[in-house]
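Trainee: for reference, the sequence and a predicted model appear below.
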Amino acid sequence: WVANISSNTVTKLRARDGATLGTFAVSSGPLDMAFDGTHIWITNSSGGKITKLRASDGAILGTFDAGNFPFAIAFDGTDIWVTNQSGGVVMKFRTSDGTKLGTFDVGTSARDVIFDGKNIWVANASSNDVTKLRASDGAALGIFRVDFGPRGIAFDGENLWTANFNSANVTKLRASDGAKLGTYPVGDNPRGIIFDGTYIWVTNSSSNTVMKLSISDGAILGTFNTGTAPIGITSDGNNLWVVNYLSNTVMKMRGN
């Protein structure tokens, strides 16, 4: 699934061959999405909404108010979490009916969000830190400094990784206590970051590359050319998919 911010749609592609299976209208400014096992949830940044779609056919099942510039979204196994870039908060929603279950303070310019199995982590791009919240009740468990402009965040099973857009590096934090374990150079303006089960992958939006990193020491294991301005990246379990923002394309790459 791909969010098309300027056309206010999302596109469904077949993972096997990239064939388009449908394009579905949503609210304005779709940015990010999460899958809850049955439904696709989309943040609509300029509409201040989140949209719930049925994954099987793209039918809209609900549109819900989601604060000031909803940006990123994550599923914790039970509920949906949405960051507000302009609000300095993250919101929690019940997946069954979209009811808002809580609003919790985080840092400034909240961008990406991820679930580590117990806790929610939010990358705060303007306060240069990440916030750790307990998923069960949203209690704040810590704020931890990274480098300048964290935009993306990933979890490797033990540690958190942030892509620091303004620093051309990534930071590794221990999930248990937020201790900084390392900062490693990557390309220019790193934006997206994921763990594929073995490696960390980072999109460098101004270098037009994606990098493969070792989780043990952050060593660069490969640098691969992409389209123009790669920002998003995900894994389908076998292959990687990279969103090239200024090329209006997605690229399928063989993973590990």
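Mentor: Received it, and whenever you're ready, just let me know what you need. Residues are numbered from 1 along each chain as shown.
Trainee: residue closest to the middle of the chain?
Mentor: Residue closest to the mean C-alpha point of the chain, counted by CA atoms, centre = their mean, is residue 112 at 4.9 Å.
Trainee: ok, residues contacting stretch 24-32?
Mentor: Outside stretch 24-32, the residues that touch it by CB atoms under 8 Å, 6 or more residues apart in numbering are 3-5, 8-12, 42-47, 49, 51, 53, 58, 60, 63, 70-73. For the C-beta atoms, the positions are set from N, CA and C on the backbone; glycine is no exception.
Trainee: 6 Å instead?
Mentor: Outside stretch 24-32, the residues that touch it by CB atoms under 6 Å, 6 or more residues apart in numbering are 3, 5, 8-10, 42-47, 49, 51, 58, 63, 71-73.
Trainee: now these: which count as buried?
Mentor: For the contacts of stretch 24-32, a burial check counting by 16 or more other CB atoms under 10 Å picks out 3, 8-10, 42-45, 47, 49, 51, 58, 63, 71-73.
Trainee: from those residues, which is closest to residue 191?
Mentor: Distance to residue 191 across the buried ones among the contacts of stretch 24-32 (CB to CB) is lowest for residue 72, with 11.8 Å.
Trainee: residue contacts, that closest one?
Mentor: Applying CB under 6 Å, 6+ apart, we find residue 72 in contact with 32, 83, 111, 112, 113.
Trainee: isn't the second one up against residue 90?
Mentor: Yes: under the criterion of CB atoms under 6 Å, residue 83 lies in contact with residue 90, with a separation of 5.1 Å.
Trainee: how about low-confidence regions in the chain?
Mentor: In the predicted model, the chain carries pLDDT under 70 at residues 256.
Trainee: would you pull up how far stretch 24-36 lies from the middle of the chain?
Mentor: 13 Å (CA atoms, centre = their mean, to the nearest Å).
Trainee: buried ones in it?
Mentor: 24, 26, 27, 29, 30, 31, 32, 33, 34, 36.
Trainee: pairing partners for the fifth one in the sheet, please.
Mentor: With beta bridges defined as DSSP bridges, residue 30 has these partners: residue 44.
Trainee: next one: the first one
Mentor: Beta-bridge partners for residue 24, by DSSP bridges, are residue 10.
Trainee: state the distance from it to residue 4.
Mentor: According to CB to CB, to the nearest Å, residue 24 stands 10 Å off from residue 4.
Trainee: repeat that for the second one.
Mentor: The spacing between residue 26 and residue 4, counted by CB to CB, is 9 Å.
Trainee: again with the last one
Mentor: From residue 36 across to residue 4, the span is 21 Å (CB to CB).
Trainee: any idea how many residues pack against residue 65?
Mentor: 13 (other CB atoms under 10 Å).
Trainee: does residue 247 really touch residue 226, like I thought?
Mentor: No: look at residue 247 against residue 226 with CB under 6 Å: they stay out of range, at 8.3 Å.
Trainee: so the two - more neighbours on which side?
Mentor: residue 226 (22 against 14).
Trainee: and the buried ones among the contacts of stretch 24-32, which is closest to residue 170?
Mentor: Distances from residue 170 to those, taken by CB to CB, are shortest for residue 72, at 17.1 Å.
Trainee: element containing that closest one?
Mentor: strand 70-75 (DSSP states H and E).
Trainee: the helix or strand harbouring residue 61 vs strand 70-75, what angle?
Mentor: Using DSSP H and E, residue 61 maps to strand 60-65. Here strand 60-65 points in a direction 130 degrees away from that of strand 70-75 (axes from the mean of the first three to the mean of the last three CA atoms, to 10 degrees).
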